[in-house]
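Trainee: Provided below for reference: sequence and predicted model.
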Amino acid sequence: MSKVKKIILRIAIAIIVICGGITFLIYSVLKNNDQRKAYAETFGSGDKKAFVMYQPSSTDVMKNITDNYVRGLVDAGYTVDVTYPDLEKEYDVSQYDLVSYGSPVYGGKALDIMKKCVEKITNYKDGIQVFLYTTGVDNKEKEMDGFKKAVQYSNVTTQKIYVNSKTKLEEAYEMGAGK
Ligand SMILES: Cc1cc2nc3c(=O)[nH]c(=O)nc-3n(C[C@H](O)[C@H](O)[C@H](O)COP(=O)(O)O)c2cc1C
């Protein structure tokens with residue numbers, strides 16, 4: 001094979017590998033918006049009531065962050081109802097003292113499935129706090145704008161947990177314990 005042909009072959013292989021990688025990334029991000037198997041679990045038995053809805057990420061990251069956040073809430077005196085977003089479901093959050101929504105960030109955005117579900121929820125108890133938390137690697141926090149817009153309520157606070165932080169699980173616990 002001539003030198004020119006070898007170079008063309010290498011370039012073609014590189015293009016195929018790059019396109020395959022991009023397709024895989026897009027596919028895995030879109031997959032994160034898939035509706036999960038129904039899940040609802042209650043933790044703790046405190047007097048205050050918290051609702052936590054989150055969409056897991058491709059790895060255990062979002063689940064681990066949420067588990068620790070919920071542990072913190074329980075220690076802060078909450079009974080915590082945890083669930084995944086379900087577009088078919090109607091949510092009644094009128095009994096909760098704290099409502100939290102969690103999403104991993106991909107391509108600068110919180111997941112659409114979370115935003116669509118959050119948009120439908122309107123019956124917040126007066127004066128409560130709605131809390132958004134995201135997980136990700138960069139500190140732009142732009143994703144919070146779109147996520148916040150989806151919330152049909154004015155008192156919204158936010159926090160991002162950086163997945164590369166060595167203390168991310170402790171930070172997640174404090175996020176709940178401080179409520
Ligand atoms: C394709 C892709 C795009 C991502 N885009 C962002 C981003 O825009 N901002 C950010 O903070 N993190 C971004 N991340 C990091 C993820 O948010 C982080 O790894 C995540 O919260 C945990 O998800 P994982 O279980 O899928 O790794 C991205 C990750 C992937 C794989």
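Mentor: The structure has been received and is ready for your questions.

Trainee: Enumerate the beta-bridge partners assigned to the residue nearest in space to the middle of the chain.
Mentor: Among the residues of the chain, the one closest to the centroid is S103, at 1.1 Å (CA atoms, centre = their mean). Here S103 sits in beta bridges with T134, going by DSSP bridges.

Trainee: Pretty sure it sits against C117.
Mentor: No - using CB atoms under 8 Å as the test, S103 is too far from C117 to be in contact (10.2 Å). Quick note: C-beta positions are derived from backbone N, CA and C, even for glycine.

Trainee: so how far is stretch 114-130 from its chain's centroid?
Mentor: With CA atoms, centre = their mean, to the nearest Å as the basis, stretch 114-130 stands 15 Å off its chain's centre.

Trainee: again but with stretch 36-46, I slipped
Mentor: 16 Å.

Trainee: Could you confirm whether it reaches the ligand?
Mentor: No - using CB under 6 Å from any ligand atom, no contact is recorded between stretch 36-46 and the ligand, whose separation bottoms out at 13.6 Å.

Trainee: which of the residues in that stretch are buried?
Mentor: For stretch 36-46, burial by neighbour count (16 or more other CB atoms under 10 Å) applies to F43, G44, G46.

Trainee: Stretch 83-103 now?
Mentor: So for stretch 83-103, counting by 16+ other CB under 10 Å, buried means 83-86, 91, 93, 96-103.

Trainee: now do stretch 14-33
Mentor: Residues of stretch 14-33 classed as buried: N32 (neighbour count, 16+ other CB under 10 Å).

Trainee: near the ligand at all, that stretch?
Mentor: Yes - residues of stretch 14-33 contacting the ligand under CB under 6 Å from any ligand atom: L25, V29.

Trainee: With that, I have no additional questions.
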